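A.B. asks: sequence? don't have it. structure:
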C-alpha cells in the first residue's frame, strides 16, 4: 500500500472504538491532538524507543502489537507488558521528565501516533477528568507490576507459564481456529515468564502431553482452561 493511500486515523473515532484514554478529552483538545500528532508505521522487529534514551513524546497504538521490556545486565529481556490498539506507552517518562525506563519493540506490524510531550502536559493542566483517568491508568499499571513481582517471588515457572497463557487469551483473544491471536516466539514467552527459553519449551511439551494445549509452530491453542487455572493458582 502506498503511503498516500493510508489515511491517518482520527483521534475521536479511534478513542471511541478502542476506549482509549483520549475519550476524556474535549472537542477542542481532540482537534489539537489530531493536528499535533505524528502518524507512523513500523514493521515487526522495529524499535520505537530504547531504555536510557530521552524521548520527546509518547505513543498511542492504532493497530498491531508492541512489547515493552527492560534489559538485564546479561542482555536478557524481561517483558513488562504488551501494548495494543488504544494503549499508550512511554507516557510515564514524559510525566516524570526522566530517561526512558523501558524499551519498546514491534512484534506485529503496527501503526502508531507519536504525541509531543507538551501536549500531554497541557491536557493534564487544563482537563482534570483526563488527568484523573491518566492517574488511574498509571496506578493500574503499578498494580500489575506489583502482582508480577509477587508471582516471580512466590510461584513456580510452571504456575507462571499457565497464568501467562490464560492472560494472553483474555488480553488478545483467539482466531477462528481457537489459536491465540498473538504469536510469540518461545524466547518471548520465556521473557514474560522470567525464565530460560529451554524451560518454556519443556513445559509447553508437558502441557501438550497433558492435553492442556495444542502447539502448531508459534501458535498455541488452550484445550483445557480449567486445568491451566488449577496449575496457575490464579484464583487461589
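C.D. replies: Received, thanks. What you see is a predicted model, and the numbers here were worked out from it, not measured in a lab.

A.B. asks: quick one: secondary structure of residue 75?
C.D. replies: Classification of residue 75 using DSSP: H, G, I helix; E, B strand; the rest coil returns coil.

A.B. asks: distance check, it against residue 177.
C.D. replies: Noted for residue 75: a distance of 36 Å to residue 177, by C-beta to C-beta, to the nearest Å. Any C-beta I mention is one placed from the backbone N, CA and C, and that applies to glycine too.

A.B. asks: ok, the two, which is more surrounded?
C.D. replies: More crowded of residue 75 and residue 177, by other C-beta atoms under 10 Å: residue 177, with 9 against 6.

A.B. asks: could you say which helix or strand holds the closest residue to the more buried one other than its chain neighbours?
C.D. replies: Once flanking residues are discounted, residue 177 sits nearest to residue 221: 7.3 Å by C-beta to C-beta, 6 or more residues apart in numbering. Using DSSP states H and E, residue 221 maps to strand 219-222.

A.B. asks: that strand: which residues count as buried?
C.D. replies: 219-220, 222 (16 or more other C-beta atoms under 10 Å).

A.B. asks: how far off centre is it?
C.D. replies: Here strand 219-222 is found 19 Å from its chain centre; the criterion is C-alpha atoms, centre = their mean, to the nearest Å.

A.B. asks: which residues sit against it?
C.D. replies: Under the criterion C-beta atoms under 8 Å, 6 or more residues apart in numbering, residues 165-166, 169, 174, 177-180, 183, 204, 212-215, 228 lie in contact with strand 219-222.

A.B. asks: right, and the helix or strand after that strand?
C.D. replies: helix 225-232.

A.B. asks: which residues does residue 108 contact?
C.D. replies: Per C-beta under 8 Å, 6+ apart, neighbours of residue 108: 44, 64-65, 182-183.

A.B. asks: how much space between it and residue 172?
C.D. replies: 10 Å.

A.B. asks: what comes up buried for stretch 185-196?
C.D. replies: For stretch 185-196, burial by neighbour count (16+ other C-beta under 10 Å) applies to 188-195.

A.B. asks: export those residues to JSON lines and tack on secondary structure and pLDDT?
C.D. replies: Formatted as JSON lines, those follow (DSSP: H, G, I helix; E, B strand; the rest coil; pLDDT from 0 to 100):
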{"residue": "188", "secondary structure": "helix", "pLDDT": "93"}
{"residue": "189", "secondary structure": "helix", "pLDDT": "93"}
{"residue": "190", "secondary structure": "helix", "pLDDT": "93"}
{"residue": "191", "secondary structure": "helix", "pLDDT": "91"}
{"residue": "192", "secondary structure": "helix", "pLDDT": "91"}
{"residue": "193", "secondary structure": "helix", "pLDDT": "91"}
{"residue": "194", "secondary structure": "coil", "pLDDT": "87"}
{"residue": "195", "secondary structure": "coil", "pLDDT": "90"}
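
A.B. asks: so which of the residues you listed comes closest to residue 157?
C.D. replies: For the buried residues of stretch 185-196, the closest approach to residue 157 (C-beta to C-beta) belongs to residue 195, at 4.7 Å.

A.B. asks: model confidence score at the nearest residue to the closest one once chain neighbours are set aside, please.
C.D. replies: Of all residues not flanking residue 195 in the chain, residue 157 sits nearest, at 4.7 Å (C-beta to C-beta, 6+ apart). Residue 157 carries a pLDDT value of 93.

A.B. asks: quick one: distance of stretch 178-196 to the chain centre.
C.D. replies: That offset, for stretch 178-196, works out to 13 Å (C-alpha atoms, centre = their mean).

A.B. asks: other SSEs contacting the helix or strand containing residue 68?
C.D. replies: Per DSSP H and E, residue 68 falls inside strand 57-71. Packing partners of strand 57-71 (3 or more C-beta pairs under 8 Å, 6 or more residues apart in numbering; DSSP states H and E): strand 77-83, strand 88-89, helix 91-96, strand 103-116, helix 117-126.
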